[in-house]
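S.K.: the following comprises the amino acid sequence and a computationally predicted model.
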Amino acid sequence: MLSVEDVTYAYGDVPVLQDVRLEVQAGEILCLLGASGSGKTTLLRIIAGLERGYQGHVLVDGQPVDQVPPHRRGFGLMFQDFALFPHMRVADNVAFGLRMAGMPADQRRQRVSELLELVGLSGFADRDVTQLSGGEKQRVALARSLAPRPRLLMFDEPLGSLDAGLRDRLARDLRQIIRELGLTVIYVTHDQQEAYTLADRIAVMQAGSIAQIDTPSSLYQQPRTVSIARFLGLTNIVPVQQVVSGRAITDLGEFNVQGRPAALLLHPDGIYSAPDGFDAQVSEVVFQGRQYRLQARAADAMTVLYYVDTYDHDQAAPQVGEAVRLAVDPSAVIELSD
Amino acid sequence: MDRDRPPLAKPAAIGGRLLWRALLVLPLLFLAVFFFYPLLSIFDLSLRPDGTLDLSGFWRIASTAYYRDTVIFTVYQATISTVLTVGLALPGAYVFTRFAFPGKSLLLSLATLPFVLPTVVVAAAFMALIGPRGFVNTALMDAFNLESAPLQLMQTLELVLIVHVFYNYAVALRIIASYWMHLSTRVEDAARMLGASGWRLWWTVRLPLLRPAILAAAALVFIFTFTSFGIVLILGGIRFATLEVQIYYQARSVFNLPLAAALSLVQIGFMFLMMLVYTRLQRRLTVDISSAQRVARRPQGWREWSLLVGNLVFIGVMLLTPLLALVARSLVEDGMLTLNYYARLSQNPAGSVLFVPPLQAVGNSIAFAGITTVLAVVLGLLTAYLVAGRGRSRSLTRWLDPLFMLPLATSAVTLGFGFLIALDTPPLDLRASWVLVPIAHTLVAIPFVVRSVLPAVRAIPPSVTEAAQMLGASPWRVWRYIDLPLLSRGLVVGATFAFTVSMGEFGASLFVARPDNPTLPIVIFRLLGQPGAVNYGQALALSVILLLVCLVSFVLIERVRTLGVGEF
């Protein structure tokens, strides 16, 4: 439905985006996940038409829209600060897009009340938007951007300014509404949990480029590079010294590999104690309910993170200082490039 | 979801963008033609009166005792006015900082009323109070059976100084008090613990701490009184000519334009220096303000009570008596209460100094003020957008802001004189046209509109206008439905300022208004300069009309301003 072709953008002398390529399918939720400064919001603004002076093209259904101003693209964008119109009531905010589209007043009223019901704000129509709580503002902003039925709806960190508990609940609500309406969505966030909750596919952005696009589970299980793995919080990264006939030699022993990786990720979910593993010493134990989160110091002061299920009765509860032997399931050895 | 959508719209025409850029150039163009061009003409005429470099005008100013005295007197009267004003405002600021009392904020905003009052109205008000025909003199004459007025203040320096205090008291009070309110009390407490009290506390702690505020207030009052024109011209007369009055006299009575230009250049030089000093002082005001807010309390003991009451009585008497005297005196003829002076405003008696009935001047002024308001609001709004510089480079906007404040820092007489000598040759021969009046007024009013609207323009978050675009609003509709409603308060305040400034403008109008199309202040000025009770009464009646217009504006501005607090 939407294609971004080789988009490059610089703010003054500072490069912000470099040769970004992206495809979004109709009905898909794509998350742009990246740290601040990775260029994800700029990419969103370019797609929206709010940013000009870039190289490359944005296409909708194969047609370039680079010269189409934002108000004629038929896209929706929900801003991080919600950007509600402070001089209008809730209902007028929601109805704004319909009014611009020339919908008659009675139909407008009908649609506004439908939308307010959808986001759980029935009865808020006549409220002053400046008097609303953060979560209520977010819902008004959502209803407002849904109202004109955008062909593509974009979210710029819509939950970023809310507190953690509210954020999780609203992310799930949002997912349900988006699914129900079958919307095509680009969702910008720096929070991987939010991205996992919402996305069909996640595009990880780093330093102005898209580093990897994958489904949430593939991304989490098989990050492609060292920096993506680090960004996702997967820190069991061992440098590869050399690869000899399909065996990668590391400080923690030898592992079977297919290519010539720069480093290996020993995925914490595939690490277990076994007599034939490498030696390590437990340095931290955190009880997390259904599992223990453990840090163990291995050779060369490398710290390895792994988990032990609370109900794994074969193992006694680990102790700090305990010597352990750890093995890695072959499927949990992920080859990383630089 | 996409089924019922129209196909993607065609690219936007680039005409809208170009039109917007062209609109933004308008204020710059206006400023160039009607401010810088006249200003350059003054430079040209003073430095090259006959086409070659000739500095004899300046030599004449420096070598002739009369002109030298004008410069000295201008500085002298401004200095005394400043010392008096700041000296009287200091105890007032103390009272407003330290004490809590009912009606405090109302009084503080009332104290700024003189700021919107036209000079002719204030001059007429003081004449109604302490002039030869004023209340105080008639009362004294009645009481002691005197033949002539015992209090002869007209054409004295004392009267000019009193009126300057009337005008500038609130300016000094506000600057000093608002600074003082943000100073921590701890330093003072510490000094008190170390044994300082009474006068020593003032000299060693309070005054040094307040120095930045006192100096800034003094600089501003000095600037205002240095360029005082109407007050000096009407109440002081040519005997006490300041530079402003001398420029007017040389240009309009003696027709020595090169000398007037040279005097203007001296004046511009002084103003430039003082604005430089003021902006430096003002910058110091923002630093070293401690966050600790001083808490005002009820006064204790007879000394504090008498200080409070004394200051409040002073403010009340100073503000109200001249204005009340003006209204009352306009209603009294030969000791009888009457509306005679008002009734006669529509007639033009034979042998009058005026070409038109006085009431027509009211119509003229309202028409001019209407045109000024429209021009100043449109240009001021565009200027605010230009200065706010959405997405434009900051370095550009940094010098645009002071650029548009320049007409405010240039005296009205200089503006008027510049018009007189610059706009008299084709293609800009506007001497015979009435448009010069609203144009001059617009120049003075634009800074007020910019000051009222700019904060509102800056306060509109970019995301809000972008959200409107994303919802399908074209740039014009974004402005119509988002910007305009959010700017409406600022625009109302700016428009009211523009209207009031135009109604009361005197200095520039005196140069550019045509005799058959006089403005209200000019008619008042002419009538005040004439002998006879009828002329005097009519002048007062017209002043009351002008006063009422300004009062309504003042109330409107204060209302809209206070309503704006805490909204959005």
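M.R.: Yes, it's here.
S.K.: direction included, what does the helix or strand hosting residue A:188 pair up with?
M.R.: Using DSSP states H and E, residue A:188 sits in strand A:185-189. Paired neighbours of strand A:185-189 in the sheet (DSSP bridges): strand A:29-34 (parallel), strand A:152-156 (parallel).
S.K.: worst-scoring helix or strand of chain A, pLDDT-wise?
M.R.: helix A:164-181 (a mean of 85; mean pLDDT, DSSP states H and E).
S.K.: for it, name the packing helices and strands.
M.R.: helix A:134-146, helix A:192-198 (3 or more C-beta pairs under 8 Å, 6 or more residues apart in numbering or on different chains; DSSP states H and E). Where you see a C-beta, it was placed from the backbone N, CA and C, and this is true even at glycine.
S.K.: so which of these comes closest to chain B?
M.R.: Checking the helices and strands packed on helix A:164-181 against chain B by C-beta to the nearest C-beta gives helix A:134-146 as the closest, at 7.0 Å.
S.K.: residue B:20: how many residues sit nearby?
M.R.: Applying other C-beta atoms under 10 Å in any protein chain shown, we find 14 residues neighbouring residue B:20.
S.K.: give me the next element, helix or strand, following the helix or strand where it lies.
M.R.: Per DSSP H and E: residue B:20 is located in helix B:15-31. Going down the chain from helix B:15-31, the next helix or strand is helix B:37-47, by DSSP H and E.
S.K.: and residue A:287, its phi and psi?
M.R.: phi -80, psi 120 (degrees, to the nearest 10).
S.K.: what about it, how many neighbours?
M.R.: By other C-beta under 10 Å, 10 other residues sit near residue A:287.
S.K.: which residues touch it?
M.R.: By C-beta atoms under 8 Å, 6 or more residues apart in numbering or on different chains, the contact set of residue A:287 is residue A:310.
S.K.: bridging residues for it?
M.R.: According to DSSP bridges, the residues that bridge with residue A:287 are residue A:292.
S.K.: so what's it scoring on pLDDT?
M.R.: Listed pLDDT for residue A:287 reads 88.
S.K.: what does residue B:12 give?
M.R.: 50.
S.K.: just residue B:9 next, same as before
M.R.: 48.
S.K.: grab the nearest non-local neighbour of the residue nearest the centre of chain A.
M.R.: Taking C-alpha atoms, centre = their mean, the centroid of chain A lies closest to residue A:195, which sits 3.2 Å from it. Using C-beta to C-beta, 6 or more residues apart in numbering or on different chains and skipping the chain neighbours, the partner closest in space to residue A:195 is residue A:31 (4.1 Å).
S.K.: what do you get for residue B:543?
M.R.: Once flanking residues are discounted, residue B:543 sits nearest to residue B:124: 3.9 Å by C-beta to C-beta, 6+ apart.
S.K.: contacting residues around the one you found?
M.R.: B:326, B:524, B:528, B:539, B:540, B:543.
S.K.: may I see the domains of chain A written out as residue ranges?
M.R.: According to automatic domain parsing, chain A is divided into the following domains: A:2-223, A:231-336.
S.K.: test my guess that the residue nearest to residue A:195 contacts residue A:205.
M.R.: No. Between residue A:31 and residue A:205 there is no contact under C-beta atoms under 8 Å: 10.1 Å.
S.K.: one step back: which ones are touching the residue nearest to residue A:195?
M.R.: By C-beta under 8 Å, 6+ apart, the contact set of residue A:31 is A:186, A:187, A:188, A:189, A:194, A:195, A:198, A:199, A:201, A:202, A:203.
S.K.: quick one: the residue of chain A most remote from its centre from residue A:91, how far?
M.R.: Taking C-alpha atoms, centre = their mean, the residue of chain A most remote from its mean C-alpha position is residue A:106, at 39.2 Å. As judged by C-beta to C-beta, to the nearest Å, residue A:106 and residue A:91 stand 13 Å apart.
S.K.: ok, residue B:237 next?
M.R.: Distance from residue B:237 to residue A:91, counting by C-beta to C-beta: 66 Å.
S.K.: if you count what's nearby, which of the two comes out ahead?
M.R.: The residue with more neighbours, out of residue B:237 and residue A:91, is residue A:91; 21 against 15, by other C-beta under 10 Å.
S.K.: if we can go back for a sec, out of the strands paired with strand A:185-189, which is the most enclosed?
M.R.: Scoring the strands paired with strand A:185-189 by mean neighbour count under mean count of other C-beta atoms under 10 Å in any protein chain shown gives strand A:29-34 as the most buried, with a mean of 26.
S.K.: count the residues that sit near residue 72.
M.R.: You didn't say which chain, so I picked chain A. 18.
S.K.: try chain B instead
M.R.: Residue B:72 has 11 neighbouring residues, counting by other C-beta under 10 Å.
S.K.: name the residues of the one helix or strand it maps to that come out as buried.
M.R.: When elements are assigned from DSSP H and E, residue B:72 belongs to helix B:65-98. Of all the residues in helix B:65-98, those buried under the rule 16 or more other C-beta atoms under 10 Å in any protein chain shown are B:67, B:70-71, B:73-74, B:77-78, B:81-82, B:84-86, B:88-90, B:92-98.
S.K.: quick one: low-confidence ranges for the stretch 1-150 of chain B?
M.R.: For the stretch 1-150 of chain B, the stretches with pLDDT under 70 are B:1-16.
S.K.: the same query, at a cut-off of 90, please.
M.R.: Residue ranges of the stretch 1-150 of chain B with pLDDT under 90: B:1-25, B:32-33, B:39-71, B:94, B:96-116, B:127-150.
S.K.: out of the contacts of residue A:31, who's nearest residue B:280?
M.R.: Using C-beta to C-beta, residue A:188 comes nearest to residue B:280 of the contacts of residue A:31, at 45.9 Å.
S.K.: ok, the closest one to chain B distance?
M.R.: Distance of residue A:188 to chain B, computed by C-beta to the nearest C-beta, to the nearest Å: 14 Å.
S.K.: contact partners for that residue?
M.R.: For residue A:188, the contact set (C-beta under 8 Å, 6+ apart) comprises A:31, A:32, A:40, A:41, A:44, A:154, A:155, A:156, A:157.
S.K.: out of the residues you listed, which two sit at the greatest distance?
M.R.: Using C-beta to C-beta, the contacts of residue A:188 span at most 13.1 Å, a distance reached by A:31 and A:41.
S.K.: nearest spatial neighbour of residue B:173, chain-adjacent residues omitted?
M.R.: Once flanking residues are discounted, residue B:173 sits nearest to residue B:89: 4.5 Å by C-beta to C-beta, 6+ apart.
S.K.: where does residue B:381 land on pLDDT?
M.R.: 94.
S.K.: so which bits of the host helix or strand of it are buried?
M.R.: Applying DSSP H and E as the criterion places residue B:381 in helix B:358-388. For helix B:358-388, the neighbour count (16+ other C-beta under 10 Å) marks B:358-362, B:364-369, B:371-373, B:375-388 as buried.
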